[in-house]
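In: build me a structure from this.
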Amino acid sequence: MANELVSIITPAFNCERYIGETIESVQKQSYCQWELIIVDDCSADNTVKVIKEYMENDNRIKCICLKENSGTAIARNKAIEIAKGDYIAFLDSDDIWLEEKLKIQIEYMKNNNYSITCTSYEQIDDEGKTLNNVIKSVPKADYNRILLDCPVGNSSVMYNVKELGKIYVPNIRKRNDDALWLKILKKEKYIFGIDNVLMRYRVRADSISSNKFALVKYHWILYRQIEKLSIPKSIFHIIYWGFIKIFKIKK
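Out: Numbering: from 1, shown residues only. Predicted structure coming up:
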């Protein structure tokens, strides 16, 4: 296992405030065979400057700067294109991994012969303080489960490149992580969940994804244009998602 490389895919845009902590969470991993590929999507702040400071002392970190703002899907695909790893893992530029994340996840995948997995995670605020809300992974999720109400945290996912090949992200500005899981689940039956909390997801007040109403159009694009669902089925899924996410209905 020690010789298997993990390629970590991180799109970045105006995240100078958080990217250092994200990089450090990778550097602290107990599993050291990784490359961190950060693709900057034309940040207007000091994001690239911060990344380059870490690159000076760690040659496992790579940075690619896009020539024009293209969105997270294009940024992720650029990183996947040059990735050399046996595994591909995703980490957003403001999220944090716990130190045993890679080690536990790789061992779990190898011991169970799983090609794609996710983990449980906890939510933190802008300052990194816990919101006392843990999102538990489901034991396994198939295509229909992801379509209904995706229980998968993007920064917790890892897949086996040797088993699945490189799988590229559908080009949609938002909800492209859901679109990628659905694409993978057309060839792999399940995403398996690890019960351990191994990632911290930052809930940012300024995040576009925090505006749930603004995401409705992207769900429509996902259901109709990418997944080719019927109009009635697409409407059903948007209503169901809205009921769960916008109004936060809990059992």
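In: sheet-wise, list the partners of the strand ranked longest in the chain with their directions.
Out: What stands out as the longest strand in the chain, according to DSSP state E, is strand 191-202. Its sheet considered, strand 191-202 pairs with strand 96-97 (antiparallel), strand 116-124 (parallel), strand 140-141 (antiparallel) by DSSP bridges.
In: can I get those in JSON lines including distance to residue 77 and mean pLDDT?
Out: Every C-beta, even on glycine, is put in place using the N, C-alpha and C of the backbone. Output for the strands paired with strand 191-202, formatted as JSON lines (distance: least, Cβ to Cβ, whole Å; pLDDT from 0 to 100):
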{"stretch": "strand 96-97", "distance to residue 77": "22", "mean pLDDT": "98"}
{"stretch": "strand 116-124", "distance to residue 77": "17", "mean pLDDT": "97"}
{"stretch": "strand 140-141", "distance to residue 77": "23", "mean pLDDT": "96"}
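In: of those strands, which is nearest residue 195?
Out: Across the strands paired with strand 191-202, residue 195 has its closest neighbour in strand 116-124 (5.9 Å, Cβ to Cβ).
In: what are the contacting residues of the closest one?
Out: Residues from elsewhere that reach strand 116-124, judged by Cβ atoms under 8 Å, 6 or more residues apart in numbering: 96, 101, 104-105, 108-109, 130-131, 133-137, 152-153, 155-160, 164, 184, 188, 190-203.
In: how about stretch 135-152?
Out: 118-123, 153, 156, 177-178, 181-182, 185-186, 189-195, 201, 227, 237, 240-241, 244.
In: pull out the buried members of the residues you listed.
Out: Buried members of the contacts of stretch 135-152, scored by 16 or more other Cβ atoms under 10 Å, are 118-122, 153, 156, 177-178, 181-182, 185, 190-194, 201, 227, 237, 241.
In: elements contacting the lengthiest helix in the chain?
Out: Secondary structure of the chain read by DSSP state H shows that its longest helix is helix 231-245. When contacts are defined as 3 or more Cβ pairs under 8 Å, 6 or more residues apart in numbering; DSSP states H and E, helix 231-245 sits against helix 143-149, helix 216-220.
In: Throw the ones you listed into a markdown table and include distance to residue 12, mean pLDDT and mean neighbour count, thanks.
Out: Output for the helices and strands packed on helix 231-245, formatted as a markdown table (distance: least, Cβ to Cβ, whole Å; pLDDT from 0 to 100; neighbours: other Cβ atoms under 10 Å):
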| stretch | distance to residue 12 | mean pLDDT | mean neighbour count |
| --- | --- | --- | --- |
| helix 143-149 | 25 | 91 | 16 |
| helix 216-220 | 20 | 80 | 16 |
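In: dump the ones you listed to JSON lines, plus distance to residue 71.
Out: Formatted as JSON lines, the helices and strands packed on helix 231-245 follow (distance: least, Cβ to Cβ, whole Å):
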{"stretch": "helix 143-149", "distance to residue 71": "21"}
{"stretch": "helix 216-220", "distance to residue 71": "11"}
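In: for the ones you listed, which one sits closest to residue 65?
Out: Of all the helices and strands packed on helix 231-245, helix 216-220 sits nearest to residue 65, with 25.3 Å by Cβ to Cβ.
In: what pLDDT does the closest residue to residue 87 other than its chain neighbours get?
Out: Nearest non-adjacent residue to residue 87, counting by Cβ to Cβ, 6 or more residues apart in numbering: residue 6, 4.6 Å away. For residue 6, the pLDDT comes out at 98.
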